[in-house]
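*Asks:* just need the structure, nothing else, for what follows:
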Amino acid sequence: MSNQSVQTVSTSNDKIKIIAAIAVVIAGVVGFYYLADKPALVRAGALVAGLAFAVLILWTSTTGRDFLNFAKEAVRETKKVVWPTRREAGQITGIVFAFVLIMAIFLWGTDKTLEFLLYDVILGIRK
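*Replies:* You can find the predicted model right below:
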């Protein structure tokens, strides 16, 4: 088995591209709020255009490509998740509520028992 370390080489050109992409995203958000008196479609267009342009800039950098590939893999893995049916979700929720109720009763009983032992039996203080 090889224990070679992996080095990530990032050029200053990549760093400039990442900074530019962040600036474009910020410009899109600022444009969204700056165009508050315009129709919602124009405002959303400014925001989406900023995000799309930032993705294009990031795609040209090594770090950005790595991140976007990671995001694609995350979406692909999320699609593999088997979600419970409505019935299963209801059953699980019921089990959780029952467990919480049982624990609340147990903790209340423990608290009252300790209160009785401490105040009535050990200290002899009557309420």
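
*Asks:* pull out the buried residues from stretch 42-49.
*Replies:* 43, 45, 46, 47 (16 or more other CB atoms under 10 Å). For glycine as for every other residue, the C-beta is placed from the backbone atoms N, C-alpha and C.

*Asks:* next one: phi and psi at the first one?
*Replies:* For residue 43, the backbone dihedrals are phi -60, psi -50 (criterion: degrees, to the nearest 10).

*Asks:* relative to residue 32, how far out is it?
*Replies:* Noted for residue 43: a distance of 5 Å to residue 32, by CB to CB, to the nearest Å.

*Asks:* again with the last one
*Replies:* Look at residue 47 and residue 32: by CB to CB, they are 4 Å apart.

*Asks:* just residue 120 next, same as before
*Replies:* Counting by CB to CB, the separation of residue 120 from residue 32 is 66 Å.

*Asks:* off-centre distance for the strand or helix carrying residue 74?
*Replies:* In the assignment (DSSP states H and E), residue 74 maps to helix 62-79. Its chain's C-alpha centre and that of helix 62-79 lie 16 Å apart, by CA atoms, centre = their mean, to the nearest Å.

*Asks:* what mean pLDDT does that helix have?
*Replies:* In this model, helix 62-79 carries a mean pLDDT of 88.

*Asks:* then stretch 11-21?
*Replies:* Here stretch 11-21 scores 85 as its mean pLDDT.

*Asks:* how near is residue 32 to residue 41?
*Replies:* Residue 32 is 12 Å from residue 41, by CB to CB.
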